[in-house]
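In: A structural model of the following input is requested.
(chains A and B)
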Number of protein chains: 2
Amino acid sequence: MVQQYFIDKLEVTLKERVPLSELDSHHFLNVMRAKIGTEIKVVDRKGFAYVAQLVEINEQIALLEIVRSDETISIELPVNVTIACGLSKNDKVDTIVQKATECGMNEFIPLALKRDVVKWTGNKVKAKVDRLAKISKAAAEQSHRLVVPEVSDLQTLDQLIKTADSFDVKLIAYEETAKEGLHSQLAEVFRQLEPSQKVLMVFGSEGGLESKEVEKLEAAGFLACSLGPRILRAETAPIYFLSALSFALELGKV
Amino acid sequence: MVQQYFIDKLEVTLKERVPLSELDSHHFLNVMRAKIGTEIKVVDRKGFAYVAQLVEINEQIALLEIVRSDETISIELPVNVTIACGLSKNDKVDTIVQKATECGMNEFIPLALKRDVVKWTGNKVKAKVDRLAKISKAAAEQSHRLVVPEVSDLQTLDQLIKTADSFDVKLIAYEETAKEGLHSQLAEVFRQLEPSQKVLMVFGSEGGLESKEVEKLEAAGFLACSLGPRILRAETAPIYFLSALSFALELGKV
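Out: From the prediction side, this is the model:
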């Protein structure tokens, strides 16, 4: 499979020469063992994909020439999905960002919730967000995504609610909904989605969401949805959601 | 949330006294800090769930009394799913078994394929299978499943094909299918599924499936399916499949 890298330019043109970042150059030259003439796929910040060729190596930076545009099949989800997650232990948030990027997420919001078992404070916040942004970029490259999902700063629930009006559809993954037998909510939401709409879904950490937090979100227009009858781990629920969305919108319409 | 354990008896009856396994006793008594009178959920090997109470601790084994049956909502997928996977690096097969158990899998078959980057040989095979069986049991308990997914011995592709006639539906996750634009195959298969049918799906390792292996499987009646336009990692593909299946069969029928 041809490797893909993101070019840090809004737009590139045919025959233009563009450098890879230091990190990507290292990966391309030393891990992938590229030689002058090796072709790879690059994507500019507007999301256009091109085939490019290694033409020069300068102080360990790979210089590429844009050869032709790459007519890729539509690889992005037909809607724009933001995942907001409570803070889980260990590397679970890393796993969520990596797998959700593979599955088509557009933005990730780390969310400080009441029942989180870990807290991000002080200098840790920036380091954590930077780390997640790196994971998102690497996963986007591996999955040949045309956009790198953005990782936002840590938000409180009130901050999230304040900015949530920019979304067309606002959802909560809430297992209590499942207990009430309301299993059809998600399918109903998916059926009503229109192309390019912005969807926001909130997930608790492994501690779950407090009923007060759910009430607050519902008062702000969020809709609680069940993700099926089985109890999913914090890092599995967003993948279930994105897989179901992809199936419904990309594979389901025969 | 109430903890759940599996009881190693085909069937239990009300007021019967049953011991937990050594491992579960340790977890229940020392990690969950259960006291005499603490209630938990237990499931017998037939898949019936009960509420049980800790009545005695004997040489670090917890003895439970079956209090009442637990009218659980249907927590198992309406069809019986076996996942067969090539051997991936590191702990990826562990991740697949854990997450696929959460998502409703019934059986796991480790599969030796041509492009696997790791090989299981000699004594390693039994140790690996035993480890996966433990992971499956723990994940089934955490997700309140009513059955523990079985982990089969390592199989070759020929061995798998020989026994595959016991399945009603045989599928291959094959990304080349996606490139051909055949995105509707999976939805079509899901639409035709009937309750309790046995479904087998084969996934490559991170090395992927060889086209010869796919041809062999197709000749044996397996159907190649796309899991959408994005490239999924080896450990993500089975989760996508099970999530899509759950969505289609459990949440989609309004």
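In: let me see the domain layout of chain A.
Out: Domain assignment for chain A by automatic domain parsing gives A:4-69, A:80-251.
In: what number of residues lie near A:Lys198?
Out: By the criterion of other C-beta atoms under 10 Å in any protein chain shown, A:Lys198 has 16 neighbours. Just so you know, the C-beta spots here come from the backbone N, C-alpha and C atoms, and that holds for glycine as well.
In: if I look at it, how far off is chain B?
Out: 19 Å (C-beta to the nearest C-beta, to the nearest Å).
In: quick one: contacts for that residue?
Out: Contacts for A:Lys198 were tallied using C-beta atoms under 8 Å, 6 or more residues apart in numbering or on different chains; they are A:79-80, A:82, A:166-169.
In: chain B contacts on the stretch 51-200 of chain A?
Out: Within the stretch 51-200 of chain A, the residues that sit near chain B (C-beta under 8 Å from any C-beta of the partner chain) are A:73-75, A:99, A:102-104, A:142-145, A:179, A:181, A:183-184, A:186-188.
In: point to the helix or strand of chain A where mean pLDDT is at its lowest.
Out: Within chain A, confidence by mean pLDDT, DSSP states H and E is lowest for helix A:175-179 among all helices and strands, at a mean of 65.
In: so what touches the helix ranked longest in chain A?
Out: Identified as the longest helix of chain A according to DSSP state H is helix A:123-142. Contact with helix A:123-142 is made by A:3-6, A:24, A:93-94, A:97-99, A:101-102, A:108, A:110, A:120, A:145, A:147-154, B:231, B:233, as judged by C-beta under 8 Å, 6+ apart.
In: just those residues: which are in helices?
Out: Residues of those located in helices (DSSP H): A:24, A:93-94, A:97-99, A:101-102.
In: give the PyMOL command for selecting the buried subset of the residues you listed.
Out: Buried residues within those, by 16 or more other C-beta atoms under 10 Å in any protein chain shown, are selected in PyMOL with:
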select buried, chain A and resi 24+93+94+97+98+99+101+102
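In: mind exporting the C-alpha coordinates of the helix or strand containing A:Val189 to PDB?
Out: Following DSSP states H and E, one finds A:Val189 within helix A:185-192. Output of helix A:185-192 as PDB, limited to C-alpha atoms (Å, rounded to 0.1, in the frame of the first residue of the first chain):
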ATOM      1  CA  GLN A 185     -33.300   6.500  18.700                       C
ATOM      2  CA  LEU A 186     -29.900   6.300  16.900                       C
ATOM      3  CA  ALA A 187     -31.400   4.800  13.700                       C
ATOM      4  CA  GLU A 188     -34.000   7.500  13.700                       C
ATOM      5  CA  VAL A 189     -31.300  10.200  14.000                       C
ATOM      6  CA  PHE A 190     -29.200   8.600  11.200                       C
ATOM      7  CA  ARG A 191     -32.200   8.500   8.900                       C
ATOM      8  CA  GLN A 192     -32.800  12.200   9.200                       C
END
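In: does A:Ile40 touch A:Gln4 like I think?
Out: Yes - applying C-beta atoms under 8 Å, one finds A:Ile40 in contact with A:Gln4, separated by 6.8 Å.
In: which parts of chain A are strands?
Out: Secondary structure of chain A, counting by DSSP state E: strands at A:4-6, A:17-19, A:39-43, A:49-58, A:61-69, A:80-86, A:107-112, A:150-151, A:155-156, A:169-173, A:198-203, A:223-225.
In: can I get these in TSV with mean pLDDT?
Out: TSV is the format used below for these (pLDDT from 0 to 100):
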stretch	mean pLDDT
strand A:4-6	89
strand A:17-19	94
strand A:39-43	89
strand A:49-58	92
strand A:61-69	93
strand A:80-86	97
strand A:107-112	97
strand A:150-151	96
strand A:155-156	96
strand A:169-173	96
strand A:198-203	98
strand A:223-225	92
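In: need these in a markdown table with distance to B:Ile57, can you?
Out: Output for these, formatted as a markdown table (distance: least, C-beta to C-beta, whole Å):
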| stretch | distance to B:Ile57 |
| --- | --- |
| strand A:4-6 | 58 |
| strand A:17-19 | 67 |
| strand A:39-43 | 61 |
| strand A:49-58 | 63 |
| strand A:61-69 | 65 |
| strand A:80-86 | 36 |
| strand A:107-112 | 40 |
| strand A:150-151 | 48 |
| strand A:155-156 | 44 |
| strand A:169-173 | 38 |
| strand A:198-203 | 38 |
| strand A:223-225 | 40 |
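In: low-confidence stretches in chain A?
Out: Applying pLDDT under 70 to chain A flags residues A:1-2, A:71-73, A:177-182, A:253-254.
In: ok, A:Val97 - contacts?
Out: Contacts for A:Val97 (C-beta under 8 Å, 6+ apart) come out as A:108, A:132, A:135-136, A:139, A:149, A:151.
In: hang on, the earlier thing: ChimeraX command for the buried members of the contacts of A:Lys198?
Out: Restricted to buried positions by 16+ other C-beta under 10 Å, the ChimeraX selection for the contacts of A:Lys198 reads:
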select /A:79,80,82,167,169
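In: going by distance to A:Leu209, which of the contacts of A:Lys198 wins?
Out: Nearest to A:Leu209, judged by C-beta to C-beta, of the contacts of A:Lys198 is A:Thr82 at 16.9 Å.
In: how about the closest one, nearest residue that isn't a chain neighbour?
Out: A:Glu107 (4.2 Å; C-beta to C-beta, 6 or more residues apart in numbering or on different chains).
In: how many residues are close by A:Tyr215?
Out: No Tyr there; residue A:215 is Glu. Residues lying near A:Glu215 (other C-beta under 10 Å) number 10.
In: so A:Glu39 touches A:Gln53, yeah?
Out: Yes - in this structure, A:Glu39 is within contact of A:Gln53 by C-beta under 8 Å, at 5.3 Å.
In: hey, what's in contact with both of the two?
Out: Listed contacts common to A:Glu39 and A:Gln53 are A:Val67; contacts here mean C-beta under 8 Å, 6+ apart.
In: list the contacts of A:Ala84.
Out: A:108-111, A:155, A:160, A:200-203 are the contacts of A:Ala84 under C-beta under 8 Å, 6+ apart.
In: could you give the bridge partners of A:Ile172?
Out: Counting by DSSP bridges, A:Ile172 forms beta bridges with A:Val202, A:Ala224.
In: give the contact list for it.
Out: Shown in contact with A:Ile172 (C-beta under 8 Å, 6+ apart): A:201-202, A:209, A:214, A:217-218, A:222-225.
In: return the distance of it relative to A:Pro149.
Out: According to C-beta to C-beta, to the nearest Å, A:Ile172 stands 20 Å off from A:Pro149.
In: in the sheet, who's paired with the spatially closest residue to A:Lys35 that is not a sequence neighbour?
Out: Closest residue to A:Lys35 apart from its sequence neighbours, by C-beta to C-beta, 6+ apart: A:Leu54 at 7.0 Å. Beta-bridge pairing of A:Leu54 under DSSP bridges involves A:Leu64.
In: end to end, how far does stretch A:226-234 reach?
Out: 14 Å (C-alpha to C-alpha, to the nearest Å).
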